[in-house]
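>>> got a predicted structure here, sequence first:
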Amino acid sequence: MIDLGLSKFAIIGVVALIVIGPEKLPKVARMAGTLYGRAQRYLHEVKSEVSREIELDELRNLQQEVSEAAHSIKTDVEQSIGKDLDDVQASWRGHVSSDSAAPATMADLERKARDFRRKKLVRNSAVPGWYKQRLGGKSHIMSGAARVKKFRPRVNSSSSFF
C-alpha cells in the first residue's frame, strides 16, 4: 500500500490548489470523497460475495458427506435386518442356520427359571436388622417429607408468639 504521511498530503494539497484553483477545489474534493466511498462499498460487496460463495461451497461438501454417511448407514441396517429376518424365518420353519446358537433345551429353560427365582428371592428377602446395622445398610425407610423434617435446621427462639 502507498505510504502517505502528513507531508505528502500537504504537497498534494498545494499542487491541487495551484492546478485546480481555489474555486473548484472544494467541489473536486467532494467528488473524490464520493468516488472513494463508492470504491470502498464495491470492494466490501465483492468480499462478502466471495465469502458467501466459499461458505456455500463448504455447505455443499458437508451435505454431500452427510448424505454419503446416511446412505452407508442405511445399507448396513438393511443388510443386518435382512440377515436377521432370514434367521427368524429359518428358525420359524425349524431350520437353524450354521452361525446361530443351538435352540435351548427344556433343562436349560428350567435352570434359567430357577436362577431367576433365586435371585429375585435374594433381592426381596427380609434381612435381619442386626445384619443391616453391622454392615451399615438401611434399617428404616423414610419418606421424603420425613427426611426434610429430620434434617431441616431448627430455629430455637426463646420468645413466644404472644
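Received it, and whenever you're ready, just let me know what you need.

>>> count of residues packed around residue 29?
Using other CB atoms under 10 Å, residue 29 has 13 other residues around it. (C-beta placed from N, C-alpha, C; glycine too.)

>>> mind showing which ranges of this structure have poor pLDDT?
Across the chain, the ranges flagged by pLDDT under 70 are 1-2, 95-103, 121-129, 132-133, 136-140, 155-162.

>>> per the annotation, how does it divide into domains?
1-103, 104-138 (automatic domain parsing).

>>> in TSV: those, plus distance to residue 146.
Putting the domains of the chain into TSV (distance: least, CB to CB, whole Å) gives the following:
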stretch	distance to residue 146
domain 1-103	51
domain 104-138	13
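
>>> number of nearby residues for residue 16?
Neighbours of residue 16 using other CB under 10 Å come to 15.

>>> check residue 89 too.
10.

>>> right, and the domains of the chain - which one's nearest residue 144?
Nearest of the domains of the chain to residue 144, taken as CB to CB: domain 104-138 at 14.6 Å.

>>> which stretches of this protein form strands?
Assigned by DSSP state E, the chain shows no strands.

>>> just want the most central residue of it.
residue 66 (16.0 Å; CA atoms, centre = their mean).

>>> distance check, that residue against residue 72.
Using CB to CB, to the nearest Å, residue 66 is found at 11 Å from residue 72.

>>> tell me the spacing between the residue nearest to the centre of the chain and residue 93.
For residue 66, the distance to residue 93 equals 40 Å [CB to CB].

>>> quick check: phi and psi at residue 24.
phi -90, psi -10 (degrees, to the nearest 10).

>>> contacting residues for it?
Residue 24 makes no contacts at all, as judged by CB atoms under 8 Å, 6 or more residues apart in numbering.

>>> can you do 10 Å?
In this structure, residue 24 makes contact with residue 16, judged by CB atoms under 10 Å, 6 or more residues apart in numbering.

>>> do the same with residue 148
Shown in contact with residue 148 (CB under 10 Å, 6+ apart): residue 142.

>>> try it again with 8 Å
Applying CB under 8 Å, 6+ apart, no residues qualify as near residue 148.

>>> longest single helix anywhere in the protein?
helix 25-93 (DSSP state H).

>>> what's that one packed up against?
Helices and strands touching helix 25-93, by 3 or more CB pairs under 8 Å, 6 or more residues apart in numbering; DSSP states H and E, are helix 6-20.

>>> done for today, thanks.
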